[in-house]
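Trainee: show me how the following folds:
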Amino acid sequence: MSNLWLKFKIWTKVIAGLLVLIYILAFFIKNHSDPANVWIFPWHDIQTTVLYVAGISFLVGVLAALLFRTIIRTRRQIRELKERNRSVKLERAVQDMHTKAAMLRAKPVGATGTSAGETIAEKDDSTEEGE
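Mentor: Numbering: from 1, shown residues only. The predicted structure is shown next:
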């Protein structure tokens, strides 16, 4: 049974492809000799065929679509670059804050106001004697 559906699917695609091919051939046959007057500037018209105008219009449309897609991608890349730069700046700022905080926490023994060999009790005794 599945073989029948597969054959049906294949023949449907073949028939659709043949219809498209017949249409393209009819389009070329009908439009290859029909004259067309294309307006370019107010003082300049071009005499050509409809087939040429259709082909050029198709190519211009494809190029415009590619250009539009490129512009959208470029805008997205610029936005991602800005976000990445902002996150890198924030990471650097956080890293700098951690570095400064580590420097404040790791004080040497002499930095608390006592000398390296002097204990807190000796310091208290020396302050009482000076009063």
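Trainee: please enumerate the strands of this structure.
Mentor: Listed in chain order, the strands found in the chain under DSSP state E are 35-41, 44-49.
Trainee: can you list the strands that the first one pairs with?
Mentor: Same thing as strand 35-41. strand 44-49 (antiparallel) (DSSP bridges).
Trainee: does D45 touch P35 like I think?
Mentor: No. At 11.5 Å, D45 does not count as touching P35 under the criterion of C-beta atoms under 8 Å. For glycine as for every other residue, the C-beta is placed from the backbone atoms N, C-alpha and C.
Trainee: comparing those two, which residue is more hemmed in?
Mentor: D45 (11 against 8; other C-beta atoms under 10 Å).
Trainee: who's in contact with the more buried one?
Mentor: By C-beta atoms under 8 Å, 6 or more residues apart in numbering, D45 lies in contact with N37, V38, W39.
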